Structure formats: C-alpha cells, structure tokens
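Colleague: My questions concern the predicted model and sequence given below.
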Number of protein chains: 2
Amino acid sequence: MKVKEVADLVGISVRTLHHYDEIGLLIPEETTDAGYRIYSDENLETLQQILFFRELGFPLKKIKEIIDSPSFDQQEALEMQHRMLLKEKNRLEQMIGTIEKTIQHLKGEIHMSNKEKFTGFDFSHNPYEQEAREKWGDQAVDEANEKAKNMTAFDQEKFNEVFRSLAAIRHLSPDSKEVQEKITKWHLFLNEMRNYSLDAFKGLGQMYVDDERFTKNIDQFGEGLAKFMCTAMSVYVDRNKK
Amino acid sequence: MKVKEVADLVGISVRTLHHYDEIGLLIPEETTDAGYRIYSDENLETLQQILFFRELGFPLKKIKEIIDSPSFDQQEALEMQHRMLLKEKNRLEQMIGTIEKTIQHLKGEIHMSNKEKFTGFDFSHNPYEQEAREKWGDQAVDEANEKAKNMTAFDQEKFNEVFRSLAAIRHLSPDSKEVQEKITKWHLFLNEMRNYSLDAFKGLGQMYVDDERFTKNIDQFGEGLAKFMCTAMSVYVDRNKK
DNA sequence: TTAAAGTACCCCGTAACGTGAGAGTCAATA
DNA sequence: TATTGACTCTCACGTTACGGGGTACTTTAA
C-alpha cells in the first residue's frame, strides 16, 4: 500500500507517515525505484500498535523503544493497552459525571466543592509509567500469569469461597470487624501465591473496579461486590500501613 | 488561591497556569504586591471550562475566542461538552472493541480486515469542528461528508440499494421469505466490510432504533424502515443462531 | 499522450508547554 | 531575629509532533 492509502485507511496524514519514517518509528517494508514508500500488512499491524500507544499519551520516542525492544510481545502490549483504555474510559465517565453535576450546580440545584469541580481531569502526569514499567520495566516478569495458569482446582475453589463469604456480608460496613477479618484472610491467601505488597494489594482492589473483566467476574457472586471489596481492601491497607 | 494550590487541585503544572496567563486565556483576578498570582473561585470555574475544551482537543486560541465571546453561555457550553464527551466515550469503546478483536485475531480465532483494525482511531482530524461550528460557527458544516468519507462511492451505492429494496417490501412480514433473503444479503455485504458476528449484527439492528442518527438516515428511504429492519434482523439472527 | 493526482524531499513554522537560571517572598522554626 | 525551605516571579531557550508551502518527479486514468 502507498502512503495515501494507508493514511486514508487509518485516518492520519501523509505527513505523519513521513514523519514516522524519518524518526525510524515506522519504516515501510519496501520502496519502489522511484522512492515511493510501500507498506506491508505487517507494517499496518505495527502502525496499529503505534496508534494505540499514541492514544494513550505515550511520546513517540518511548513508543519506538517499546516496539523495538526484543522482549516486546504484541499480545501483552494489547492487553495492557486494553486495561489502560478502560481506565481512560473511566476517567471520561468521571468527567461526564462532573459535567452533569456542574450543570446542576449552575442551576443552583446542588452544591459543589472546588475539588469536585475537577474530578476526572487529573491524569497523574505520566499515566503510563505506572503500568508500563511493570510490564517492560527493568525486571518484573509476568509472574502473576504464570501462577494463575497453574492454579489448581483446589485454589480455584478457595477463591470462590472468599468471594461467596464476602458477598454474604457485603451489606456490612467495609471497615467492620467481620469484613476486615475476611479481607485479612484474603490478603494472606493471596500472599501464598504471589507476594503482594500492601500497595500492590490495594492496587489489586482498585483493579476490581477499574477493569471490567474483574468486575464482571466478581460481581457474579453478588451485585456490587467488586466495589465493596475495593473499598474494604483500601481500608485494610491504610490501617495496616502505619 | 496561589498558583501551586490551583495546580495541585486540578492536576496541571504551574507552568501551564503561567502560560495561560501569558496568552491571556486565564488571568488571575488579583496579584499581590510581590506579583504573586491569586486565583478566585470564578477563575476556577473558567479554568474548568478551559480544561473541558482542552480535553476535547480544542486549541487554546479557539478556547479563548469561545470564552471571550459575548454570546458565550456556560450552560450551553457544558451541554455541548457533555455531548462531545459522550461521543469521545463511544470512540474509546470502539477502540476497546478493536483491541479485543485484535487479540482474538492474534490467537487466530477470528479474521479481521485491515479496515477493521483501525476502527475507532479516526477522529476526523478535528473532532470539534463538527459541533462547535454549529454552535459558535463560522459557517456551515457538511456532516454528511464526514460519515461518507470512509466509504467509497461504490459502497455507498450498495448501501442505498439495500435500503431502497427493503423499503419497497417493508409492508411484508419481517419473517417472510423475501425479507429474510434481503437481510441475508445485507448481512453478507456487511461482513465484506467488517466482521460482524451474529450478535453484533443483531446489535446493529437495535442501534437503528436506539440511535436517532441512524433512524433518521434510514427512514429517509421509507417511514419506519429502521424499525422494520431491526425486527427483521433480529428474526434473522435468532433463526440462524442455533 | 496529456492532465490530474500522488509522491518525494527540504525546510521553516507552530502550539503548548518543559526546563533551567537567577532572584525575590513567605511562613515556620531554631 | 535569623535562617531555612518551600513558593513565587520573570526571562529565555528547548522540545515534540507534526502542518504547510514549494518544487520536481511518477503514476494513472481518460
């Protein structure tokens, strides 16, 4: 495919493709005698990756690093992008909520703190570092996946048990004794499998809400369980931290 | 409030606030004798507006124009931003769908056309022009162009042909042989472009009714055609599923 | 075979800040 | 009261990711 075909297909400019070629980010597989750039299907797949990363706010330099990395795994990348996009979607939903509230606020229907007026804006100034380092970072292999694959039926049953019992008491306050006891067990149990730091544990709880694959699975045990566990886990961590 | 307080509250940098002051986009209501910028609550509201517009991809110059405009109405703006954010959310959802499909594609579970690999990316390169011009517009918009851009004239004609022929027989029962034959063709034709699963196909039919942009377009070929197609498509899917 | 459309390369422009540098300001503490 | 550390100010140059114009060559459709 020639530049314009590609450009039109994906909705970017020809200049952008030139630029990506210039900086070595996406070099067409072939060039004709006249110097025309010819893009292969593989090139297109790479371009898709590039655009996903770009959408997520990665600078081109970083994108190049990532896709050039020998340890780069497309599927893994896609899965990360998937999670990040879900987060991004969440942020958008928050902003939408903020707008709705602001409209009501304007009509004098409700009150709004200054802080509330900006929920959803903050994207932490380098949203990706967090996750990206985890994945392609210095070390940090995907040990979670490994373990999950090897999970025995026994472990699986234990998981379910935790969820069921928590679902049963999800009407209680997240910081009640009963709930916190369960959460403690949950933490200990998880630590048998993989070594979760307190922060990681809290992060996991957040994932229950952020990632709808988690949410879905967990909520099967009871409506709103994911959110409930997220809160309870957060309380647990904050308490045990200091 | 002083710069850093504001910056921290909303999640932007101090430099950004300086910049906005420089270009006259957000001038603090007050400055101390020492030259410190002091932001008022009203300033914060303006800032919120600015950030919403920025999120939507508006260049700062345009934002300035808009907020400075005498006809600027905050509530109206918020409502527009609300609509645009919803669209943006839609786009994100499409991208998420694309990622999910790509993962499946990678596993060899499904096929994907090149075109499909990029659905959700194209934001027409100036996403705001669409609505913004409508509201604060310099001139008229051609919104039809936007949609048809990605479609060849040939495809377009085929689309129309389907709608016309279906409109012609919309007095028949949705599960009649003639109708179902047309729907089958319709399904095959759509599969040439993107890969619709049966469920997705049914979902599409539902969209014809739910989303008034679809409804409008389709009903141009005949009153009630959208609803008719929705039903017929549903019948078709249910029949072919098991 | 000729006009229109596409492509290449070059190079300057720009938007929205980032990033010091150097100097003054403010509030809490020793 | 003096000091310290966190903030603040104003230049001013740097950066990123292209946009856009100009000019010359190539391809393609009529």
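Modeller: Cool, got the structure. Numbers count the residues shown, from 1 in each chain, chains lettered A, B, ... in the order given.
Colleague: So for stretch A:51-69, mean pLDDT?
Modeller: The pLDDT scores in stretch A:51-69 average 86.
Colleague: Check stretch A:6-22 too.
Modeller: Averaged across stretch A:6-22, pLDDT comes to 92.
Colleague: Just the terminal-to-terminal distance for it.
Modeller: End-to-end distance for stretch A:6-22: 17 Å, by Cα to Cα, to the nearest Å.
Colleague: touching DNA strand D at all, it?
Modeller: Yes: in terms of Cβ under 7 Å from any atom of the strand, part of stretch A:6-22 sits within range of DNA strand D, namely A:12-13, A:15-16, A:19. Any C-beta I mention is one placed from the backbone N, CA and C, and that applies to glycine too.
Colleague: How far away from the center of its chain is that stretch?
Modeller: In terms of Cα atoms, centre = their mean, to the nearest Å, the centre of stretch A:6-22 is set 27 Å apart from its chain centre.
Colleague: Same question for it: list its buried residues.
Modeller: Using 16 or more other Cβ atoms under 10 Å in any protein chain shown as the test for burial, stretch A:6-22 gives A:6-7, A:9-12, A:16-17, A:20-21.
Colleague: could these be laid out in JSON lines, adding secondary structure?
Modeller: Converted to JSON lines, the buried residues of stretch A:6-22 look like this (DSSP: H, G, I helix; E, B strand; the rest coil):
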{"residue": "A:6", "secondary structure": "helix"}
{"residue": "A:7", "secondary structure": "helix"}
{"residue": "A:9", "secondary structure": "helix"}
{"residue": "A:10", "secondary structure": "helix"}
{"residue": "A:11", "secondary structure": "coil"}
{"residue": "A:12", "secondary structure": "coil"}
{"residue": "A:16", "secondary structure": "helix"}
{"residue": "A:17", "secondary structure": "helix"}
{"residue": "A:20", "secondary structure": "helix"}
{"residue": "A:21", "secondary structure": "helix"}
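Colleague: Which pair in the residues you listed has the greatest spatial separation?
Modeller: The span of the buried residues of stretch A:6-22, defined through Cβ to Cβ, is set by A:11 and A:21 at 18.0 Å.
Colleague: Which stretches in chain A count as helices?
Modeller: All helices of chain A, identified by DSSP state H, fall at A:3-10, A:14-22, A:41-55, A:60-68, A:74-106, A:127-136, A:143-149, A:153-168, A:177-193, A:198-210, A:212-219, A:225-241.
Colleague: what angle separates the fourth one from helix A:14-22?
Modeller: Looking back up the chat, that one is helix A:60-68. Orientation of helix A:60-68 against helix A:14-22 (axes from the mean of the first three to the mean of the last three Cα atoms, to 10 degrees) gives an angle of 60 degrees.
Colleague: hmm, helix A:60-68 touching DNA strand C?
Modeller: No: no part of helix A:60-68 sits near DNA strand C under the criterion Cβ under 7 Å from any atom of the strand; the closest distance found is 12.6 Å.
Colleague: And the contacts of that helix?
Modeller: For helix A:60-68, contacts defined as Cβ atoms under 8 Å, 6 or more residues apart in numbering or on different chains pick out A:20, A:23-25, A:46, A:49-50, A:53-54, A:58, A:72, A:77, A:128, A:132, A:136.
Colleague: Keeping just the C-alphas, turn that helix into PDB.
Modeller: The C-alpha trace of helix A:60-68 is given here as PDB (Å, rounded to 0.1, in the frame of the first residue of the first chain):
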ATOM      1  CA  LEU A  60       6.900   8.700  20.100                       C
ATOM      2  CA  LYS A  61      10.300   8.100  21.400                       C
ATOM      3  CA  LYS A  62       9.000   5.800  24.100                       C
ATOM      4  CA  ILE A  63       6.800   4.000  21.600                       C
ATOM      5  CA  LYS A  64       9.900   3.300  19.500                       C
ATOM      6  CA  GLU A  65      11.700   2.000  22.500                       C
ATOM      7  CA  ILE A  66       8.900  -0.300  23.300                       C
ATOM      8  CA  ILE A  67       8.300  -1.800  19.900                       C
ATOM      9  CA  ASP A  68      12.000  -2.100  19.200                       C
END
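Colleague: can you tell me if that helix touches DNA strand D.
Modeller: Yes: judged by Cβ under 7 Å from any atom of the strand, helix A:60-68 comes into contact with DNA strand D at A:60-61.
Colleague: list the buried ones in that helix?
Modeller: A:60, A:63-64, A:66-67.
Colleague: Pull the distance from that helix to the chain's centre.
Modeller: Offset of helix A:60-68 from its chain centre (Cα atoms, centre = their mean): 19 Å.
Colleague: what angle sits between it and helix A:74-106?
Modeller: Computed by the same axes, to 10 degrees, the angle separating helix A:60-68 from helix A:74-106 equals 140 degrees.
Colleague: cool, the first one as well?
Modeller: The directions of helix A:3-10 and helix A:74-106 differ by 60 degrees, with the same axes, to 10 degrees as the criterion.
Colleague: if we can go back for a sec, so which of the helices of chain A comes closest to residue B:34?
Modeller: Closest approach to residue B:34 among those is made by helix A:74-106 (33.3 Å; Cβ to Cβ).
Colleague: Wait, residue A:233 touches residue A:207, no?
Modeller: No: with contact defined as Cβ atoms under 8 Å, residue A:233 does not reach residue A:207; the gap is 10.2 Å.
Colleague: of the two, who's got more company?
Modeller: Using other Cβ atoms under 10 Å in any protein chain shown as the criterion, residue A:233 and residue A:207 rank with residue A:233 on top: 23 against 17.
Colleague: What's the per-residue pLDDT of the closest residue in space to the more buried one that isn't next to it in sequence here?
Modeller: Leaving aside its sequence neighbours, residue A:233 sits nearest to residue A:205 (Cβ to Cβ, 6 or more residues apart in numbering or on different chains; 3.3 Å). You'll see residue A:205 listed with a pLDDT of 77.
Colleague: do the same with the one 10 residues further on
Modeller: The predicted structure scores residue A:215 at 73 on the pLDDT scale.
Colleague: Burial check on it, number of neighbours?
Modeller: 19.
Colleague: Let me see the contact set for the closest residue to it other than its chain neighbours.
Modeller: Spatially, and ignoring its direct neighbours in sequence, residue A:215 is nearest to residue A:226 (4.4 Å; Cβ to Cβ, 6+ apart). Contacts for residue A:226 were tallied using Cβ under 8 Å, 6+ apart; they are A:208-209, A:214-215, A:218-219.
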